[in-house]
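[1] After the sequence you'll find the predicted model.
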Amino acid sequence: MIFENLNISRVIIHQIYKRLEDRQIVQPRYAGSLTVLGNEDSAALQDRFITALGSASRCMEMHITANAAGSALDLARRLADSDDPLFISQSREAADMLARAQTRLNIPGGIVVVISGQVSYPPKRFIGIIKAEPHSGFAFSEDGSLTLEFLRNLVLTPEARLYKIGAFVEVDTHSEESEGWKAFVYDDLMTAANRDNAAQYFYETFLGCNIPQDSARQTRKFFELTKEFVGKLDIPEHEKLDINTSLYTYLKVDQSPTVDTATFATRYLKGADMRDAYATYMERNDFPDAAISKDLSDLKYQLRRRKVVFNSDLQLSGPAERFAELVTVEPIAGDPAADGTRPEWTRITVRDRIRNEQ
């Protein structure tokens, strides 16, 4: 893990505010000196930092898209090279950049913690930026720095969360790609099932990064877009159920190492019109028409069980990989109503006997 053997050498804290009603930026409040950490506090902060960035579900490596002058990566490189006075003055740029990135009025203010140090072995330089929110007020000391007691209450207790973290790590000083640095982002809103929950203003607008199009994310995107397409089809519900069952089969049972829209359409969609509409829908949503490597790590919860929900709120669920084998669902005409119409009912056949009732 790249964040092993982390050693924090410098910490400074600034304060930012939410925008005014007219969308004007409120001037951040800058610290005038570094925050002094004792051995216990430094060790606790390092432990919290490693725990957050070591969380596979809420932290991921990002693709750096902005590395020109004035970018967050450019700032990280300058901070890593700076002495203490320059670090104090240049770290203010992080607060300014984040304040500009928070364009929506509903994004709260908070504090910006800028950290420098080393990670891994042999040691590599890193710059970390924490945004924590929201808090009613901050106590500044006479020298203009936030008090250590506030930092301890904010990030050093097990109950506290480090809401958003951006970390730049220098991995290869000879590499031309992103000037030899890697970027990592932690967001407490991000989960393994939905990495898109991460705040875009933080990782993209502020840090100049994008979520990489890795195979796990692309496989989940294939699953979600296909279900959306099926849900919008003007066909009977039992036919939608059949296609969704095929989707589960295609992803979880089929042993092919790749996923592609053409194969799924040919195997499971009826008629040229439906297949063409599916291809257009996937293309419109920026899904590649070439095969992608199948990686189900972001879908392990969605693919674990199938669930069918009726209008009456009755539910039928079972293991996804055996649903089609054990369950047959077909529409039937119900008993005539008073006006002579016959409602559509559903006949379910389960090829098994009842084990117990819960």
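    Thanks, I have it.
[2] distance between stretch 2-21 and the chain's centre?
    Mean-position distance between stretch 2-21 and its chain equals 20 Å (C-alpha atoms, centre = their mean, to the nearest Å).
[3] Quick one: end-to-end distance for it.
    42 Å (C-alpha to C-alpha, to the nearest Å).
[4] do stretch 300-318 as well
    15 Å.
[5] now do stretch 74-90
    End-to-end distance (C-alpha to C-alpha), stretch 74-90: 11 Å.
[6] List the residues that contact Ala279.
    Thr261, Ala262, Ala265, Asp289 (C-beta atoms under 8 Å, 6 or more residues apart in numbering). Every residue, glycine included, has its C-beta placed from N, CA and C.
[7] Keep only those of the residues you listed that are in helices.
    Thr261, Ala262, Ala265 (DSSP state H).
[8] helix/strand/coil for Thr245?
    helix (DSSP: H, G, I helix; E, B strand; the rest coil).
[9] give me the number of residues near it?
    19 (other C-beta atoms under 10 Å).
[10] what do you get for the one 3 residues further on?
    Other residues near Tyr248 number 20, with proximity taken as other C-beta under 10 Å.
[11] pretty sure it contacts Gln302?
    No: using C-beta atoms under 8 Å as the test, Tyr248 is too far from Gln302 to be in contact (9.1 Å).
[12] residue contacts, Ala337?
    Neighbours of Ala337 in contact, by C-beta under 8 Å, 6+ apart: Pro343.
[13] mind listing the helices for this structure?
    39-53, 72-81, 84-90, 92-101, 148-155, 200, 215-232, 237-248, 261-268, 272-284, 320-326.
[14] Relative to Ala183, which of these is closest?
    helix 72-81 (7.3 Å; C-beta to C-beta).
[15] contacting residues around the closest one?
    Against helix 72-81 from outside (C-beta under 8 Å, 6+ apart): 64, 66-68, 87, 90-91, 93-94, 97, 114, 116, 125-127, 129, 166, 168, 170, 178-179, 181, 183, 206-208.
[16] next one: stretch 212-231
    60-63, 193, 195, 211, 240, 243-244, 247, 251, 259, 261, 264, 277-278, 281-282, 285, 287-288, 292-299, 302.
[17] Those residues, buried ones only, as a PyMOL selection?
    Entered in PyMOL, the line below selects the buried ones among the contacts of stretch 212-231, by 16 or more other C-beta atoms under 10 Å:
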select buried, resi 60+61+62+195+211+243+244+247+251+259+261+264+277+278+281+282+287+292+294+295+296+298+299+302
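[18] what's the closest non-adjacent residue to Ala265?
    Residue nearest to Ala265 in three dimensions, not counting chain neighbours: Arg275, with 4.2 Å by C-beta to C-beta, 6 or more residues apart in numbering.
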